[in-house]
Every structure is written in structure tokens, then in C-alpha cells.
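Novice: how would this look folded up:
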Amino acid sequence: MENRKELLEQYMEDGKLPLKGELFVRKSVVGGKLEEFREKKRADALTSRQNTVGGQKWILRRSNRVYWGIAAMFILLFGTGTCYFASEEKITSEAVAVDYRLPDGSSVKLMQNSTLSYNKVSWLWGRKLNLLGSAFFDVTSGKTFTVRTEAGDVTVLGTKFLVEQEGKTITVNCEEGSVKVETPIGEQTLKAGESVRCDENEIGPVQEKEELPEVLGYEDDPLVNVVADIQHIFDVEVVGCEKYNELYYNGTILTKDLHETLKRVFGSLGISYQLNGQKVILE
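Specialist: This is a model prediction of the structure:
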């Protein structure tokens, strides 16, 4: 072994390698194998780095896709929300009633000083609207139809009915079909010809109004009393009556004719007036 080592060192000092000899041939083969192994390792390392860089690019591209996906979702939600709020429909009546047709063909007669609102987007999957005041509905058959008020909800499938809402009180009159009235204190189903009045304390049938005679007579009655009767019978507001507290009225009023009654009462006393919707303005 020592001889071989000395021989190797001698050749190395001389700067040459033997081309023959079992030891040196084997060393040359092993050296070649080592060189091939090192080349393979260098190639593998290069491929690994490329894959790592490519993976980073893939991760980056995937992150970009996630980012833009989230951005698109927010844009979609924002756009949908904007579309929803922009689709709010509001109908308001003032001195006179308003006729309105809903998207499903149902018709509404919105009474004076009332407001009706609904959303044209949500209407596609649920017929729901909000009412402040009074309205008469003629509903086409289809999905459930709901009128929401501060006092409660009225639900139908297809019918004719009248809803009168004032604060926390609601009166419903079913003219055709059937309706369900739901309030915080309970619910009741009405058939054609039935009415119900609901407030914060009870649900009960509507008391029928006492039928008034067609003519009422007055003899030396204070004008303020006559005006109070006119307001109650005809559901109007008389403005400016306080200027005539000293006057008295002798005569009659017609309970079914507002114009003739105003002419008789104020005309006979020499008071000029104007009828503006549900307001009688004394001049």
C-alpha cells in the first residue's frame, strides 16, 4: 500500500498520470463517475431553482387571481346594492286619489294623502310593498301579496280589499276572496264582506257607522258647532273658522252633498270660501 502511495505521489510531482496500471485505471473510472454524478447534481439543482422560481410565479399568478376575484366580488355586491336601492319605487298622493298599476298587473287606488312604496328588484321573487295611509287593492292571482304597515301586515293571494292605516291602527275591509291580517298582538283571516279593526290593544270587527239622515237642521247654533259637524260628516278640514266664533247658523245641511252644504252654511252668512281637496279655506 505504501509503495502505491509513493508511486502516486511521484507521478503527481512529475505532473503526469499513468495511462496503465490497475490502480490508476480504476481511479480514472471512479473519477469519471464522480464527474457524471456532479454534472447530474448541478443539472438537478438548476432545475430545482427554475421550478422554485416558476412556483413563485405560479403563486404570484394565483394570488393575483384571488385578488381580482375578491375585487370582482366587491364590485358585484356594490353594483347589486346600488341597483337594489336605485330600484325603489315610491308613489305619493296629495289632495286627490291616484290610480297605479303594479308590475304584476295588480291595480291600486291610493287614497289622498297616502304613500305606497316597493322595490322593483325584490318584487320579482316576493310581492311586498309598504303603505302609509289608505289604498284599495285589486290583486291578480300569483305569489303571496303582502301590504306592510306600521300597525301590521295584510297578506293575500288574489283578491280585492281596502286598507286604512293611521299610526298604529289599521282597518281592513275584504271585498272579494280572503285576506289574512297579522299584527303584533295576533292575526285574523277575513272573507268577502268582512272587516276588522286592529290597534295596539285588540283586534275586533269594525263598528258600523250610524246612518245619518239626509238633512240636518240647525236653529241659532254657533257656527263652530256646525263646522265641527261638517268636518266629521265629510272628513274635511275647515281652516279659518276662528275668525267667525260670534256667528250663529239657522238652516240645514245635506249630509250627502258637501258642495251644497258649504253654499248653504257659508253663503248665507256672507263668508267667502275655497274648497281645495279635503280643505275648506274660509276667507
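
Novice: so Ser272 sits right up against Val280, yeah?
Specialist: No. Using CB atoms under 8 Å as the test, Ser272 is too far from Val280 to be in contact (11.3 Å). Where C-beta positions appear, they are placed from N, C-alpha and C, glycine not excepted.

Novice: out of these two, which sits in the busier spot?
Specialist: Val280 (23 against 9; other CB atoms under 10 Å).

Novice: give the bridge partners for that one, please.
Specialist: Beta bridges link Val280 to Val238, Leu275, judged by DSSP bridges.

Novice: domain assignment for this structure?
Specialist: Taking automatic domain parsing as the reference, the chain has its domains at 2-82, 88-204, 215-282.

Novice: lowest mean pLDDT across those, which one is that?
Specialist: The weakest mean pLDDT among the domains of the chain belongs to domain 2-82, with a mean of 52.

Novice: give the contact list for the closest residue to Ser268 other than its chain neighbours.
Specialist: Spatial nearest neighbour of Ser268, chain neighbours left out: Gly251 (6.0 Å); criterion: CB to CB, 6 or more residues apart in numbering. The contact partners of Gly251, taken as CB atoms under 8 Å, 6 or more residues apart in numbering, are Gly217, Tyr218, Arg264, Val265, Ser268.

Novice: now what about stretch 259-272, what contacts it?
Specialist: 223, 226-227, 230, 234, 244, 247, 249, 251-255, 273, 275, 280, 282-283.

Novice: which ones among the residues you listed are found in strands?
Specialist: Tyr249, Gly251, Thr252, Ile253, Leu254, Tyr273, Leu275, Val280, Leu282 (DSSP state E).
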